[in-house]
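Here is a sequence with its predicted model. Questions after.
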Amino acid sequence: MTIEVRQIREEDIESFHAAIDAVARERKYLALFEAPPIERARAFVQRNIERAIRNSSPSPIGRSLAGATYHRRLAR
């Protein structure tokens, strides 16, 4: 099995949303209890794609995401 880490794409939006929702519902790692509405997730991802913001890295397996990371530069 190969896991690819790459820049997020539009075809990842629904799977990205589902992954965020699953993690949020665990109520352990995020300050959310469920994912935001799909329209907001879509707008967020599309904005990042348009601005070439490379802070969302999905790890797709087939047509689903195994995970995703969000990179943020920390102030020093």
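Great, that's in hand. Residues are numbered from 1 along each chain as shown.

switch to C-alpha atoms for all contacts and neighbour counts from now on
Noted.

quick one: Phe44 from Ile20, how far?
Phe44 is 13 Å from Ile20, where distance means C-alpha to C-alpha, to the nearest Å.

Please apply the same query to Ile49.
Counting by C-alpha to C-alpha - Ile49 and Ile20 are separated by 18 Å.

Compare these two (neighbour count), which wins?
The neighbour comparison of Ile49 against Ile20 (other C-alpha atoms under 10 Å) goes to Ile20, with 20 against 17.

The more buried one should be in a strand, yeah?
No - with DSSP: H, G, I helix; E, B strand; the rest coil as the criterion, Ile20 is located in helix rather than a strand.

mind checking which helix or strand the nearest residue to it once chain neighbours are set aside is in?
Of all residues not flanking Ile20 in the chain, Ala35 sits nearest, at 5.6 Å (C-alpha to C-alpha, 6 or more residues apart in numbering). Counting by DSSP states H and E, there is no helix or strand that carries Ala35.

Fine by me, thanks again.
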